[in-house]
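A.B. asks: Predicted model and sequence below, questions to follow.
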Amino acid sequence: MNPVNLTVAIPTYNGETRLSDVLDHLKSQVGTEAFSWEVIVVDNNSSDRTAAVVREYQKTWPSAYPLRYCFAPEQGAAFARQRAVEKAQGELIGFLDDDNLPEPDWVAAAYEFGKNHPGVGAFGSQIHGLFYEKKPEEKLPENFKRIACFLAIVERGNSPRKYDPQHKILPPGAGLVVRKQVWLESVPKRLVLNHTGKDAGLASEDLEVLLHIQKAGWDIWYNPAMVVYHKIPNKRLEPEYLKLLVRCVGLSRHRLRMMTLKSWQRPLAFPAYLANDLRRLVLHGIRHGIAIKHDTAAICEREFLTSTLLSPLFLLKHQGIKLGERSGDRTSERADQTSLEELAEAFEKERFCLHSQGVYPLNGTAGDRPHTEILLRLQDAEGKLLLPNQFMPVAEQYNLMGTMDRWTIRKLCAQIAEAGDKFHRGLYEINLSETSLCDRHLIEFLVEELEFYKIPPELFCFCLPETVAIGHLPRLQELNHRLQSLGCQLALDGVGNAQSSRDYLQLLPVNYLKLEGQLMHAISNNFGSLNAVKNINKLGQNLGIKTIATHVENSAIIEQIQRIGFNYIQGYGIEYPHPLSFESVLSSDWVNKFVKPEISIEPEPSQSLVSSLAELLAPTPVESELVI
């Protein structure tokens, strides 16, 4: 196999609507016949259909320069770029954002410059702004050139030039080309300026990378032959957006400054920087005064100077938070990283799969239709099937539970659509995590998937653990209302596990209660568990909520739940989990195999009997005195 000379990496988060433009421009590259190259889309744990867009492009993509998909589980531009470096096969790696449109010869120009300048560790592009939403008569903000660099616009002339370390100017990550070996040897895997969006208050992680490369002795250059157009929508020209952008850059500045100094210089330089920043901020205020309200560039400059002044304290606080988040058992960190890599590869190579287990009506009551609980499984590299308890802990640690929930929903919709006439119109239970419960965009995602695959919402029932529900009751009420308005249903799982009152059920009209497994295991030999199960079932029936007996594993438990009067039954004693298939319709005659018709629901004791027992067991006057 011939070595790959250049990899074009496109880190993207929710780039479903933006990816097509950049991929189409890469598909039209010219002058690349003399070398080998590839394209990698790095999905930064998106919640949209980014992966599906890439897979669709792969169907017709030219084999001469492969299009690959990889998944970066930790969100943030720095993590996505690091993932691209690890996965890239090229000696050179060119980064394009999902809103960057390269000229037709960009790839050829990148390869040519890298080949002719072996001593250059990284080199940036000439980047022009493409204000595609603006009408011809609309103008850019006044003095826009003064702040254009914050939007990754780089226009330094038509001659190549070196970025002199003394000038403290570096190119942005967009349109940047780096030697893979230089990155691996010079850049740490986790940067100080790692962040997950502007909400974190930081930026400039690309400059931190370049400073590491520069400190390692490599030159960084500007190559005007590599031309990129940066698509900038109107909302990014609004003062509030620009203020947020420059604030993040300013708050990151202390870290970049300290990187350029030796250890002994930092204590001396810090007060000097502080005094100079304060001086510049005061002079800026004197120069612009109240007229700043009408000057977007001046507003951004003041915001940049203010955040630069605050940068040391902000970074100190930020690093303290990150240190607390990452503290813990260091002995397991290596194993967790290995597991995280396995999860990332599972998303990349589609190793997750759906299994199912039937939930059957117990008494054939009208309206009690069979269910199918959807179960997630992972197939490892050796083909072994992993159960949730083998991969969910790592998913929870790295905030991937919501991603898995969305994958499950999308995959189920896709399989239902693919099944066509073989599809059985039952009810499909989908388990949701606490992350999804707190996700304000979950319903929008669900609506989009249902509309895309043309799936009726009445087919879906979403299931949450009771312990999670109790901790988020207001949010659960909101989610339940929106699900019910769509036509979906809601179930609570593990009911009986939480040691608390179930008065909340009066305020939460869920459709199903699924009892806790340990309680169900014990009902045949533990009177306390049996009573607890009876009480929960009675409460559900009184509130009009269907009850489901889970973890039913033997005939003794089946007999008990018959007497109690559950609506549904589920467990290994009825059916083992198996790969989801729509060809095997849930059997309606399963009752004849397991349920004994001679066993009927136990009646509630009459009030007269209860009163008689109470009188019989009441203490006599002498006993009362002794008790006192």
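C.D. replies: Arrived safely, thanks for sending.
A.B. asks: Show me where the stretch 301-450 of the chain has its strands.
C.D. replies: 352-361, 371-379, 385-386, 427-431 (DSSP state E, counting those that start in this stretch).
A.B. asks: Which neighbouring elements make contact with the third one?
C.D. replies: Of the remaining helices and strands, those touching strand 385-386 by 3 or more C-beta pairs under 8 Å, 6 or more residues apart in numbering; DSSP states H and E are strand 371-379. For the C-beta atoms, the positions are set from N, CA and C on the backbone; glycine is no exception.
A.B. asks: immediately after the lengthiest strand in the chain, which helix or strand?
C.D. replies: Under DSSP state E, the strand in the chain containing the largest number of residues is strand 219-231. Per DSSP states H and E, strand 219-231 leads on to helix 239-251 as the next helix or strand towards the C-terminus.
A.B. asks: and the helix or strand following that next one, what does it pack onto?
C.D. replies: Per DSSP H and E, helix 239-251 leads on to helix 253-259 as the next helix or strand towards the C-terminus. Helix 253-259 is packed against helix 205-215, helix 266-288, helix 296-326, with contacts defined by 3+ C-beta pairs under 8 Å, 6+ apart.
A.B. asks: and if we set it to 7 Å?
C.D. replies: helix 205-215, helix 296-326 (3 or more C-beta pairs under 7 Å, 6 or more residues apart in numbering; DSSP states H and E).
A.B. asks: buried sites along the last one?
C.D. replies: Right, helix 296-326. For helix 296-326, the neighbour count (16 or more other C-beta atoms under 10 Å) marks 296-312, 314-315, 318 as buried.
A.B. asks: hang on, the earlier thing: do you know which of the strands of the stretch 301-450 of the chain lies nearest Y222?
C.D. replies: strand 352-361 (43.8 Å; C-beta to C-beta).
A.B. asks: Let me know the average pLDDT across the closest one.
C.D. replies: Averaged across strand 352-361, pLDDT comes to 93.
A.B. asks: Please save the CA atoms from that strand in CSV.
C.D. replies: Output of strand 352-361 as CSV, limited to C-alpha atoms (Å, rounded to 0.1, in the frame of the first residue of the first chain):
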residue,chain,number,x,y,z
PHE,A,352,-23.4,-0.9,18.4
CYS,A,353,-26.5,-3.0,17.7
LEU,A,354,-30.1,-3.3,18.9
HIS,A,355,-31.4,-6.3,20.8
SER,A,356,-34.9,-6.7,22.2
GLN,A,357,-37.0,-8.5,24.8
GLY,A,358,-40.8,-9.0,24.8
VAL,A,359,-43.1,-7.4,27.3
TYR,A,360,-46.4,-9.4,27.2
PRO,A,361,-49.9,-8.7,28.4
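A.B. asks: List of residues touching that strand?
C.D. replies: Applying C-beta atoms under 7 Å, 6 or more residues apart in numbering, the contact partners of strand 352-361 are 346, 368, 370-379, 407-408, 411-412, 415, 429, 548, 567-570, 574-575, 577-580, 586, 590.
A.B. asks: ok, of these, which come out buried?
C.D. replies: 346, 370-378, 407-408, 411-412, 415, 429, 548, 567-570, 574-575, 580, 586, 590.
A.B. asks: Can you pull the domain assignment for this structure?
C.D. replies: 4-235, 238-327, 351-602 (automatic domain parsing).
A.B. asks: mind giving me a markdown table with the ones you listed and columns for distance to L340?
C.D. replies: Below are the domains of the chain laid out as a markdown table (distance: least, C-beta to C-beta, whole Å):
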| stretch | distance to L340 |
| --- | --- |
| domain 4-235 | 6 |
| domain 238-327 | 14 |
| domain 351-602 | 6 |
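A.B. asks: just these: most buried one?
C.D. replies: domain 4-235 (a mean of 19; mean count of other C-beta atoms under 10 Å).
A.B. asks: now that one: mean pLDDT?
C.D. replies: pLDDT averaged over domain 4-235 gives 93.
A.B. asks: got it, and stretch 253-264?
C.D. replies: 92.
A.B. asks: Keeping just the C-alphas, turn that stretch into PDB.
C.D. replies: Listed in PDB are the C-alpha atoms of stretch 253-264, where the atom choice follows Å, rounded to 0.1, in the frame of the first residue of the first chain:
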ATOM      1  CA  ARG A 253      -4.300  35.300  26.400                       C
ATOM      2  CA  HIS A 254      -2.400  34.800  29.700                       C
ATOM      3  CA  ARG A 255      -1.700  31.200  28.900                       C
ATOM      4  CA  LEU A 256      -0.300  32.100  25.500                       C
ATOM      5  CA  ARG A 257       1.900  34.800  26.900                       C
ATOM      6  CA  MET A 258       3.400  32.600  29.600                       C
ATOM      7  CA  MET A 259       4.200  30.000  27.000                       C
ATOM      8  CA  THR A 260       6.600  32.300  25.200                       C
ATOM      9  CA  LEU A 261       8.600  33.000  28.300                       C
ATOM     10  CA  LYS A 262      11.200  31.000  30.300                       C
ATOM     11  CA  SER A 263      10.200  29.900  33.800                       C
ATOM     12  CA  TRP A 264      12.400  32.600  35.500                       C
END
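A.B. asks: can you list contacts of it?
C.D. replies: By C-beta under 7 Å, 6+ apart, stretch 253-264 touches 168, 192-193, 204, 207-208, 211, 266, 269, 273, 308, 311-312, 315.
A.B. asks: which one of these sits closest to L476?
C.D. replies: L193 (36.8 Å).
A.B. asks: Could you list the low-confidence segments of the stretch 251-400 of the chain?
C.D. replies: 291, 319-338, 364-367 (pLDDT under 70).
A.B. asks: Apply 90 and report the result again.
C.D. replies: 285-296, 314-342, 360-371, 380-383, 397-399 (pLDDT under 90).
A.B. asks: Over to the stretch 451-600 of the chain?
C.D. replies: In the stretch 451-600 of the chain (pLDDT under 90), the answer is 466-467, 469-474, 494-509, 515-537, 539-544, 552-566, 573-575, 581-600.
A.B. asks: so where do the strands sit in it?
C.D. replies: 460-465, 489-495, 512-515, 546-549, 568-569, 578-579.
A.B. asks: gap between the closest residue to V510 other than its chain neighbours and L432?
C.D. replies: Spatial nearest neighbour of V510, chain neighbours left out: L490 (4.8 Å); criterion: C-beta to C-beta, 6 or more residues apart in numbering. From L490 across to L432, the span is 9 Å (C-beta to C-beta, to the nearest Å).
A.B. asks: overlap in contacts of these two?
C.D. replies: Common neighbours of L490 and L432 are listed as F462 (criterion: C-beta under 7 Å, 6+ apart).
A.B. asks: The longest strand of the chain: how far from the chain's middle?
C.D. replies: 32 Å (C-alpha atoms, centre = their mean, to the nearest Å).
A.B. asks: If you count contacts, what does it end up packed against?
C.D. replies: strand 100-102, helix 106-116, strand 120-130, strand 161-162, helix 205-215.
A.B. asks: Mind listing the strands the first one pairs with, and their directions?
C.D. replies: What that stands for is strand 100-102. strand 219-231 (antiparallel) (DSSP bridges).
A.B. asks: ok, back up a step: let's have the helices and strands packed on helix 253-259 in TSV, adding distance to G285.
C.D. replies: Putting these into TSV (distance: least, C-beta to C-beta, whole Å) gives the following:
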stretch	distance to G285
helix 205-215	27
helix 296-326	7
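A.B. asks: Of all the ones you listed, which one is nearest G383?
C.D. replies: helix 296-326 (33.6 Å).
A.B. asks: what's the offset of that closest one from the middle of its chain?
C.D. replies: The answer for helix 296-326 is 26 Å, by C-alpha atoms, centre = their mean.
A.B. asks: That one versus helix 239-251: what angle between them?
C.D. replies: Helix 296-326 and helix 239-251 are oriented at 60 degrees to each other (axes from the mean of the first three to the mean of the last three C-alpha atoms, to 10 degrees).
A.B. asks: Counting by contacts, list what helix 296-326 packs against.
C.D. replies: The contact analysis (3+ C-beta pairs under 7 Å, 6+ apart) places helix 296-326 against helix 239-251, helix 253-259, helix 266-288.
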